[in-house]
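Trainee: model this:
(chains A and B)
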There are 2 protein chains.
Amino acid sequence: MAQSPTAEDDQRFLDLAIEQASMSWDEGGVPIGAVLVHQGRVLAAGHNQRVQKGSAILHAETDTIERAGRLSAGVYRESVLYTTLSPCLMCAGTALLYGIPRVVVGENRSFEMSEALLRERGVSVDVLDDARCRALMERMIVERPEIWSEDIGVESSELDR
Amino acid sequence: MAQSPTAEDDQRFLDLAIEQASMSWDEGGVPIGAVLVHQGRVLAAGHNQRVQKGSAILHAETDTIERAGRLSAGVYRESVLYTTLSPCLMCAGTALLYGIPRVVVGENRSFEMSEALLRERGVSVDVLDDARCRALMERMIVERPEIWSEDIGVESSELDR
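Mentor: The predicted structure is shown next:
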């Protein structure tokens, strides 16, 4: 029987998500990363693929869930999703579809769209307010605003900056 | 300026989604199809890819949005998403992320997870209650229950049958 993750475990898994985000930034993409963890074991790590794969649906969280492959319902229900940025409604909806009970968020100051919905439906959402996650998104919003706005379905003129 | 789709247009686009669903069934997959239409022009058609691509996130709607490629916010906001089955929360969340204003649903008797959320957030949801869509899902639930339950994040013992 696996223990609940400690604060150190959360930090360690978030670090992996941040590595994914940094790698995506270096590739010219959106610097958001995620990790799916089942009872202390990493099932998959991924990052936003808008630029790299020309994808409209591979956000960090969905890319990670895709990389984890086909899983039975029971596995998702014992897993934790770590993400460097608070999830959009597509990614929150994916967590809700599969009954992922806990989402750990690097930061939610740059973007927040779904935390109320997740909590309302019983998902535990923990926000770590990590400075590295914030710095990645601050740079993104300043240096690549057209890609960022496209990623969240707004026109760049509508971005909060 | 494009006209609003007529009931005949809706039927014609739903027919394309049903073709996708039938093709997916014939390939051994989940028989759900979708079409994304911008001002009367089909941007993409797709279907569930759980079996064909081993995918956990390519439902009919997300496969279709992925096939449509990277689009600016304004295009989604003038588009209609047709789907043979009422969307799950992942697919509804994708429509909400991109501000798709209308979803046309083939049927919602086999599965319904997100219509209240969509309507609450201003999306127009029209359910056509199409007998062909129902027949596809009835066959799926009887003949491939393990794949179907996996696709909606439940154990097969938890399926309503």
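Trainee: can you give me the helices for chain A?
Mentor: Assigned by DSSP state H, the helices in chain A fall at A:7-26, A:50-53, A:60-68, A:73-76, A:89-98, A:115-120, A:131-143, A:145-151.
Trainee: Find the one among those helices with the highest mean neighbour count.
Mentor: helix A:89-98 (a mean of 28; mean count of other Cβ atoms under 10 Å in any protein chain shown). C-beta coordinates here come from the backbone N, C-alpha and C atoms, glycine included.
Trainee: relative to helix A:60-68, how tilted is that helix?
Mentor: Per axes from the mean of the first three to the mean of the last three Cα atoms, to 10 degrees, the angle that helix A:89-98 makes with helix A:60-68 is 40 degrees.
Trainee: State the distance from the residue nearest to residue A:89 when sequence neighbours are not counted to residue B:133.
Mentor: Nearest residue to residue A:89, sequence neighbours excluded (Cβ to Cβ, 6 or more residues apart in numbering or on different chains): residue B:93, at 3.9 Å. In this view, residue B:93 and residue B:133 are 22 Å apart by Cβ to Cβ, to the nearest Å.
Trainee: Same question for residue A:57.
Mentor: When residue A:57 is compared with residue B:133 (using Cβ to Cβ), they lie 23 Å apart.
Trainee: do residue A:28 as well
Mentor: Where residue B:133 is concerned, residue A:28 sits at a distance of 41 Å (Cβ to Cβ).
Trainee: repeat for residue A:35
Mentor: From residue A:35 to residue B:133 the distance is 37 Å (Cβ to Cβ).
Trainee: Kindly reformat the helices of chain A as TSV containing mean pLDDT and distance to residue B:84.
Mentor: Output for the helices of chain A, formatted as TSV (pLDDT from 0 to 100; distance: least, Cβ to Cβ, whole Å):
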stretch	mean pLDDT	distance to residue B:84
helix A:7-26	97	34
helix A:50-53	98	26
helix A:60-68	98	22
helix A:73-76	98	23
helix A:89-98	98	18
helix A:115-120	98	26
helix A:131-143	98	37
helix A:145-151	97	28
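Trainee: Dump those helices into TSV; add distance to residue B:48 as well.
Mentor: Listed next are the helices of chain A as TSV, based on distance: least, Cβ to Cβ, whole Å:
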stretch	distance to residue B:48
helix A:7-26	27
helix A:50-53	20
helix A:60-68	14
helix A:73-76	17
helix A:89-98	13
helix A:115-120	24
helix A:131-143	32
helix A:145-151	24
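Trainee: Looking from chain B, tell me which residue of chain A is nearest.
Mentor: Across chain A, the shortest distance to chain B (Cβ to the nearest Cβ) belongs to residue A:93, at 2.6 Å.
Trainee: I'd guessed that residue sits against residue B:95; true?
Mentor: No - Residue A:93 lies out of contact with residue B:95 (Cβ atoms under 8 Å); the separation is 9.3 Å.
Trainee: tell me which parts of chain A are close to chain B?
Mentor: Counting by Cβ under 8 Å from any Cβ of the partner chain, chain A comes close to chain B at A:50, A:54-58, A:62, A:65-66, A:68-74, A:76, A:88-94, A:96-99, A:113-114, A:117, A:149-150, A:152-155, A:158.
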